[in-house]
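Colleague: Any chance you can model this:
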Amino acid sequence: MRAEFAKYPAIYRPADAIKRVMPVGMLAMLVAIGALAVLYDRFYRGGSCAVAGAEFGALVGVYALGSFVIHNHVNLNIGGKLTIFQAIAYFIEWVATGLAIGVVHGG
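Modeller: Modelled structure (predicted):
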């Protein structure tokens, strides 16, 4: 995806500038994952924690597609290829995160 992001230098920070703000972004993601863990706990109704976690992650992934990926495609001057890459990557990342939350919850 790096090559696709590089096509839009007026929109996205260069790699060296991202490194300066990355700690804030990582902290924000940890807080967001913590909030999702609480939501998962309220969502979980029994059964396999791993399956429930993956299902929860898929729901979060669908939410991210609509609220972030497609929203950015509409508001930012980025191409369809980058949008598709982001959609695939973020969906997989959220399913994996949900799976991890489910496994830890069941442990």
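Colleague: Could you list the low-confidence segments of the chain?
Modeller: By pLDDT under 70, the low-scoring segments of the chain are 107.
Colleague: Could you list the buried residues of the top helix by length along it?
Modeller: Determined from DSSP state H, the single longest helix within the chain is helix 15-43. Across helix 15-43, burial judged by 16 or more other Cβ atoms under 10 Å covers 33, 36-37, 40, 43. Heads up, the C-betas are built off the backbone N, CA and C, glycines and all.
Colleague: which helices and strands sit right next to whichever helix or strand comes after that helix?
Modeller: Using DSSP states H and E, the helix or strand that follows helix 15-43 in sequence is helix 49-64. Judged by 3 or more Cβ pairs under 8 Å, 6 or more residues apart in numbering; DSSP states H and E, helix 49-64 is in contact with helix 15-43, helix 80-106.
Colleague: what's near enough to touch the residue nearest in space to the middle of the chain?
Modeller: The centre of the chain sits closest to Y90, judged by Cα atoms, centre = their mean, with a distance of 4.4 Å. Y90 makes contact with 61, 64-65, 68-69, according to Cβ atoms under 8 Å, 6 or more residues apart in numbering.
Colleague: Quick one: list the elements packing against the longest helix of the chain.
Modeller: Using 3+ Cβ pairs under 8 Å, 6+ apart, helix 15-43 sits against helix 49-64, helix 80-106.
Colleague: Compare the ones you listed and give me the one nearest E4.
Modeller: helix 80-106 (4.1 Å; Cβ to Cβ).
Colleague: Now that closest one: buried residues?
Modeller: Buried, per 16+ other Cβ under 10 Å, within helix 80-106: 82-83, 85-87, 90-91, 94-95, 97-102, 105.
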